[in-house]
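Asks: dropping the sequence and predicted coords here.
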Amino acid sequence: VDPGVRLENTLTMEVPLEGERTPAQSVALLEEMQRRLAALPGVTEVGIGWNVPLRASNVQLELKAEGLAEEPGMPRPVAEYRTATPDYFQAAGIPLIQGRGFAATDGADAGRVVILNRTLAERLFPGRDPVGRRIAWTGDVLRFIQLSGDWRTVIGVVGDTRDAGPDAPPLPAVYQPLA
């Protein structure tokens, strides 16, 4: 089974960000870690994301797609919430299938953008190009977390990863810039 990521010469690690930090301080800490790791001898690429590839994040949120009618009695689509730096997909070996990856300019002060994995793109926009379309997080949980229900423009589609295990179907996922 193709895991959807590069396994050779790849190191992953989880770094818990405990303590009292603002979101901006957490991002600054992660950026400093990325800079220091990239400076190590032999390191060619460093990417940072919410979850380690091949491990589900277990943060699944409801979402809606612009132009996709909700069917009464049917559950809303859900997807894993993930974040990624511009170098994340390249460092992990996750292929960009359509559109573009994140850029350094896709920060908190820019327009809201996302990248979908192939499974979610096909589920929300079957037979249509998802790039340029919009999605939004939705549901009651937004009242309790620091995530808005604002529309986000799809700028790219990446390959699926086998985060739930090699025998399980790929999980639908939405990546937002780490900012």
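Replies: Arrived safely, thanks for sending.
Asks: any weak-confidence spans in the protein?
Replies: For the chain, applying pLDDT under 70 flags the ranges 179.
Asks: for it, what spans make up the helices?
Replies: Assigned helices in the chain, in chain order: 23-38, 88-92, 118-124 (criterion: DSSP state H).
Asks: most packed of these?
Replies: Neighbour counts (mean count of other CB atoms under 10 Å) averaged over each of the helices of the chain peak at helix 88-92, with a mean of 23. To be clear about C-beta, it is placed using only N, CA and C from the backbone, and glycine gets the same treatment.
Asks: any idea how far apart the tips of stretch 102-116 sit?
Replies: Stretch 102-116 has its terminal residues 12 Å apart, counting by CA to CA, to the nearest Å.
Asks: which residues outside it are in contact with it?
Replies: For stretch 102-116, the external contacting residues (CB atoms under 8 Å, 6 or more residues apart in numbering) are 79, 84-86, 88-89, 99, 101, 124, 130, 135, 150-158, 172-177, 179.
Asks: kindly reformat the helices of the chain as JSON lines and extend each row with distance to residue 6.
Replies: Shown next, in JSON lines, are the helices of the chain (distance: least, CB to CB, whole Å):
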{"stretch": "helix 23-38", "distance to residue 6": "16"}
{"stretch": "helix 88-92", "distance to residue 6": "7"}
{"stretch": "helix 118-124", "distance to residue 6": "17"}
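Asks: so which of those is nearest residue 61?
Replies: Nearest of those to residue 61, taken as CB to CB: helix 118-124 at 11.9 Å.
Asks: selecting buried members of the contacts of stretch 102-116 in PyMOL, what would you type?
Replies: In PyMOL, a selection of the buried entries from the contacts of stretch 102-116 looks like this (16 or more other CB atoms under 10 Å):
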select buried, resi 79+84+85+86+88+89+99+101+124+130+135+152+154+155+156+157+158+172+173+174+175+176+177
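Asks: how about the nearest residue to residue 5, chain neighbours excluded?
Replies: Setting aside the residues directly before and after it, residue 5 is nearest to residue 53 in space (CB to CB, 6 or more residues apart in numbering), at 4.4 Å.
Asks: likewise residue 62?
Replies: Per CB to CB, 6+ apart, closest to residue 62 is residue 139, 3.8 Å.
Asks: likewise residue 162?
Replies: Once flanking residues are discounted, residue 162 sits nearest to residue 3: 4.8 Å by CB to CB, 6+ apart.
Asks: isn't that neighbour right next to residue 164, touching?
Replies: No: with contact defined as CB atoms under 8 Å, residue 3 does not reach residue 164; the gap is 11.4 Å.
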